[in-house]
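Chemist: sequence unknown, structure follows:
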């Protein structure tokens, strides 16, 4: 146990060493006061000068910022979500006024209306101007602030596409409004969480709302709900944040063994086309283009090989796959290897040999080594007497 504790402490220090928070005082004209911000930039943000990053705005930054940034840093380290910019807004002394709404229309009023304008008209534009943000923007809140973040959802062109509502204490018509908006929204991720030991009125409202939201038939909305066993109004936060990030970025993750077995192998259409469509879809959904992972190339090529043993024409898929790998990873052996396999399996050994030789001069990647490529060249020479 002591070793495990030392490892965890070491990991925390390592993590914070790579992605430390920036503390900043922001002067708001809308609020006529300064607001304390916490900003965490991705690892190597300064080195990746051409890269843009999703923005995650965290209300109740006093206590929600660190759980969110810890999960974002961890998930992005393992490529289960994109690296992201996280901005926390401290509200320890102001959250009641910030979330204020009138009791007639149940919309932000007084200080609440000013805070709404501060987020949409000052904070987000400032972050967009100062840092390299991508199109995708997510907002996070807990109880009062989880109710408040929904007001952004009601705008004609919402500035946020993702909403993480942790045990929201809704105003009276909020549930009905959310149901109406999600029925006709486009490209929205909406996560809602409660728990068995949550406040009884909150849990009852959210369970009831979930039944209505589950019935919405809108493929453009990605809705997720959790009712955590044995968690409270406060402890559900620690479980809800990673669950929400997993759900929102489900399509971003690398091709898993499960996906390989259940999707790629049974696929009757082109496996190569599936890879291209998958990345095109995630670009549309998340608003930024990303390089195709080596892991995903290997998963697709393995499926092509396996299926080609039964259907010989499947080998033809290796040619466009090789050309795509040359484009995505030009400094590695990957693309030349796939082209060499294509030539070898379609009866062009000389072209295959040259492709293996071209790959030999580039960087090793995954299972591809110089010795492996050289063995492939020598085997062709032996078989055909070159």
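Modeler: Ah, there it is. Quick caveat, the model's predicted, so the values are computed rather than measured.

Chemist: and after the lengthiest strand in the chain, which helix or strand comes next?
Modeler: The residue-count maximum for a strand in the chain (DSSP state E) belongs to strand 221-232. Downstream of strand 221-232, the next assigned helix or strand under DSSP states H and E is helix 236-248.

Chemist: can you list contacts of the next helix or strand after that following helix?
Modeler: Downstream of helix 236-248, the first helix or strand assigned by DSSP H and E is helix 257-259. Contact partners of helix 257-259, identified using C-beta atoms under 8 Å, 6 or more residues apart in numbering, comprise residue 299. Glycine gets a C-beta too; all of them are placed from N, C-alpha and C.

Chemist: Which is the succeeding secondary structure element to helix 257-259?
Modeler: Next along from helix 257-259, by DSSP H and E: helix 271-286.

Chemist: Identify all contacting residues around that following helix.
Modeler: With C-beta under 8 Å, 6+ apart as the criterion, helix 271-286 contacts 54, 82, 134-136, 187, 249, 251-252, 263-264, 267, 289-290, 292, 296-297, 300, 303-304, 307, 314, 317, 320-321, 324.

Chemist: same deal with stretch 292-299?
Modeler: Contacts of stretch 292-299 (C-beta under 8 Å, 6+ apart): 79, 254-255, 259-260, 264, 275, 278-279, 321, 324-325, 328-329, 332, 334, 338, 365-367.

Chemist: how about the strands in this structure?
Modeler: Going by DSSP E, the chain shows strands at 21-28, 33-40, 53-58, 85-89, 133-142, 162-166, 188-197, 221-232.

Chemist: could those strands go into TSV alongside mean neighbour count and distance to residue 47?
Modeler: Shown next, in TSV, are those (neighbours: other C-beta atoms under 10 Å; distance: least, C-beta to C-beta, whole Å):
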stretch	mean neighbour count	distance to residue 47
strand 21-28	13	17
strand 33-40	18	16
strand 53-58	25	13
strand 85-89	26	15
strand 133-142	23	17
strand 162-166	27	27
strand 188-197	22	29
strand 221-232	17	32
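
Chemist: looking at the ones you listed, which is closest to residue 203?
Modeler: strand 188-197 (4.8 Å; C-beta to C-beta).

Chemist: just to revisit the earlier point, mean confidence for the longest strand of the chain?
Modeler: For strand 221-232, mean pLDDT is 97.

Chemist: tell me the angle that strand makes with helix 271-286.
Modeler: 70 degrees (axes from the mean of the first three to the mean of the last three C-alpha atoms, to 10 degrees).

Chemist: gap between strand 221-232 and the chain center?
Modeler: How far strand 221-232 lies from its chain's middle: 19 Å, per C-alpha atoms, centre = their mean, to the nearest Å.

Chemist: strands paired with that strand, and their directions?
Modeler: strand 188-197 (parallel) (DSSP bridges).

Chemist: quick one: low-confidence ranges for the stretch 251-386 of the chain?
Modeler: 312 (pLDDT under 70).

Chemist: ranges for the helices of it?
Modeler: 257-259, 271-286, 294-308, 318-328, 334-345, 349-360, 370-384 (DSSP state H, counting those that start in this stretch).

Chemist: what's the distance between residue 290 and residue 79?
Modeler: The spacing between residue 290 and residue 79, counted by C-beta to C-beta, to the nearest Å, is 10 Å.

Chemist: Residue 39 - nearest residue in space that isn't next to it in sequence?
Modeler: In space, and not counting its chain neighbours, residue 39 is closest to residue 22: 4.3 Å by C-beta to C-beta, 6 or more residues apart in numbering.

Chemist: likewise residue 170?
Modeler: Closest residue to residue 170 apart from its sequence neighbours, by C-beta to C-beta, 6+ apart: residue 147 at 5.2 Å.
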